[in-house]
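Chemist: here you go, sequence then predicted model.
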Amino acid sequence: MSDHPTPPPAPPTGTEAPQPGAARKLVAALLGLTAVVTLMLCAFALPSVNGGPHKVPIGVSGPQAAARSLEKTLDGDEWDVTVYDSAEALTSAVKDREITGGLVLAPEGVAVYTATAGAPLAGGALTAMAHSVAAEQQTKPTVHELAPFPEDDPRGAGFSAAALPLVFGGMIPAVLLARLFPGRTGLRTRLAGAVLFSLFAGTAVTAFLQWGTGSLAGDYWITALGLSLGLAALSMTFVGLEALTGMAGFGIGAAVMMLLGNPLSGLGTGPYWLPGGWAALGQLLPPGASGSLLRANAFFDGTGAGAPGLVLTAWVVLGLALILIADRRGARTVRTGAASAEPAPAAA
């Protein structure tokens with residue numbers, strides 16, 4: 001009889017022993033994925049559920065008594081009403097993007113002035129309001145469209161669909177460039193690639209939207225440069241995040257842009273259709289600022305382009321700063337490694 005203990009039987013061929021903690025990892029992964037899906041649903045559904053006019057700036061003109069009465073009736077959480085002395089002053093305010101539209105009251109009827117390309121849903125709500133006011137006078141309103149979408153795309157479908165491609169247009173090149181030119185040695189190549197991609201993609205996408213689908217109007221090159229700035233804001237930020245913090249930082253940035261930037265961009269509705277705080281946040285993120293800059297250049301001859309242009313420039317500067325910090329940190333790591341590799345001087 002042998003003194004050695006009998007070893008435990010080996011597991012059958014083709015099977016593996018269960019790893020310790022595998023069940024906990026599986027549960028954690030499933031809970032994390034469930035949380036991500038729920039968060040995505042909240043990010044995309046809540047803006048739609050809570051959407052509606054929120055302090056939409058509109059104008060009213062006409063006889064003072066009637067205009068002031070309508071101002072008192074409408075002014076509140078939904079509408080921010082300004083009374084103008086004349087129809088000419090009101091239409092100038094619409095063209096200058098001080099208001100989204102307005103009503104002109106007259107004894108013979110009601111005229112409504114809209115700028116659908118600037119605030120599509122607000123324009124529709126304002127027109128419906130004009131029908132209600134005109135019905136009290138037993139007339140029909142006269143609709144004047146001051147900034148329409150192009151005839152080839154009167155509902156602005158192509159313009160509204162640009163939000164998600166803009167986000168992916170910043171993410172995909174950052175991932176691809178990181179795979180093709182990894183490490184600190186390829187960092188400057190990745191930076192140059194992000195800039196050049198933004199210029200190429202901006203001109204190509206603008207050409208498609210302006211001449212392919214007829215969704216944009218305005219000066220092509222100015223619109224293309226504005227769209228390129230938006231793509232650069234995204235792609236350079238993603239390149240910088242990946243270079244400085246790895247794929248973890250890139251993933252956090254992608255989640256922010258996808259779950260907040262995209263649904264809060266206001267491309268399809270205009271920013272006034274979102275709750276105030278969320279609308280402001282959306283305009284501070286690259287997708288929302290890109291949409292506002294694209295809207296200003298394509299339909300309003302650049303009116304209102306200053307603020308979103310500054311926001312996108314700030315994101316470009318942030319991305320460049322992240323890249324420079326990552327480059328300097330990599331240089332210090334290389335110098336430290338070289339110093340530690342030097343042989344110690346021989347003893348005398």
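Modeler: Okay, I see it. Numbering: from 1, shown residues only.
Chemist: just the mean pLDDT for the helix or strand harbouring residue 30, thanks.
Modeler: Taking DSSP states H and E as the definition, residue 30 sits inside helix 22-49. For helix 22-49, mean pLDDT rounds to 76.
Chemist: restricting to C-alpha, output the very next helix or strand once past that helix in CSV.
Modeler: As assigned by DSSP H and E, the chain's next helix or strand after helix 22-49 is strand 56-61. Provided in CSV are the C-alpha atoms of strand 56-61 (Å, rounded to 0.1, in the frame of the first residue of the first chain):
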residue,chain,number,x,y,z
VAL,A,56,-38.9,80.3,-26.5
PRO,A,57,-38.2,84.0,-27.5
ILE,A,58,-41.0,85.3,-29.7
GLY,A,59,-42.2,88.7,-30.7
VAL,A,60,-45.6,90.4,-30.8
SER,A,61,-46.5,93.6,-32.7
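Chemist: check the gap between residue 307 and residue 78 for me.
Modeler: 23 Å (C-beta to C-beta, to the nearest Å). To be clear about C-beta, it is placed using only N, CA and C from the backbone, and glycine gets the same treatment.
Chemist: what do you get for residue 286?
Modeler: From residue 286 to residue 78 the distance is 29 Å (C-beta to C-beta).
Chemist: and what of residue 244?
Modeler: With C-beta to C-beta as the criterion, residue 244 and residue 78 are 44 Å apart.
Chemist: kindly report the same for residue 281.
Modeler: With C-beta to C-beta as the criterion, residue 281 and residue 78 are 20 Å apart.
Chemist: and residue 311, by the same measure?
Modeler: 26 Å.
Chemist: check residue 238 too.
Modeler: 37 Å.
Chemist: give me the more crowded residue out of the two.
Modeler: residue 238 (27 against 16; other C-beta atoms under 10 Å).
Chemist: how would you label the more buried one: helix, strand or coil?
Modeler: Assigned state for residue 238: helix (three-state reduction, DSSP: H, G, I helix; E, B strand; the rest coil).
Chemist: quick check, pLDDT for it.
Modeler: At residue 238, pLDDT is 94.
Chemist: ok, now which ones touch it?
Modeler: By C-beta atoms under 8 Å, 6 or more residues apart in numbering, the contact list for residue 238 reads 170, 171, 173, 174, 175, 250, 253, 254, 319.
Chemist: which of these are buried?
Modeler: Neighbour-count burial (16 or more other C-beta atoms under 10 Å) applied to the contacts of residue 238 gives 170, 171, 173, 174, 250, 253, 254, 319.
Chemist: which residues are in contact with the host helix or strand of residue 67?
Modeler: Per DSSP H and E: residue 67 is located in helix 64-74. Applying C-beta under 8 Å, 6+ apart, the contact partners of helix 64-74 are 58, 60, 61, 81, 83, 103, 105, 129, 133.
Chemist: pretty sure residue 326 sits against residue 239.
Modeler: No: if you go by C-beta atoms under 8 Å, residue 326 and residue 239 don't touch, sitting 9.2 Å apart.
Chemist: these two: which is more packed in?
Modeler: residue 239 (28 against 19).
Chemist: and the more buried one, what is it in contact with?
Modeler: Applying C-beta under 8 Å, 6+ apart, the residues contacting residue 239 are 174, 177, 178, 190, 191, 194, 319, 322, 323.
Chemist: correct me, but the last one touches residue 193?
Modeler: In this case it means residue 323. No: taking contacts as C-beta under 8 Å, residue 323 lies outside contact range of residue 193: 11.8 Å.
Chemist: who has more neighbours out of these two?
Modeler: residue 323 (23 against 20).
Chemist: so where do the helices sit in the stretch 51-200 of the chain?
Modeler: For the stretch 51-200 of the chain, helices defined by DSSP state H, counting those that start in this stretch occupy the ranges 64-74, 87-95, 120-136, 157-160, 163-180, 187-207.
Chemist: which among those is found nearest to residue 28?
Modeler: helix 163-180 (25.2 Å; C-beta to C-beta).
Chemist: average pLDDT for that closest one?
Modeler: 86.
Chemist: output the contacting helices and strands for that helix.
Modeler: In terms of contacts (3 or more C-beta pairs under 8 Å, 6 or more residues apart in numbering; DSSP states H and E), helix 163-180 is packed against helix 187-207, helix 220-256, helix 286-299.
Chemist: report the buried residues of that helix.
Modeler: 163, 166, 167, 169, 170, 171, 173, 174, 177, 178.
Chemist: ditto for stretch 97-115
Modeler: 97, 99-105, 109-115.
Chemist: now for these, which pair is the farthest apart?
Modeler: 97 and 109 (26.4 Å).
Chemist: still on that earlier bit, can you say which of the helices and strands packed on helix 163-180 is packed in most?
Modeler: Greatest average neighbour count among those goes to helix 286-299 (a mean of 27), per mean count of other C-beta atoms under 10 Å.
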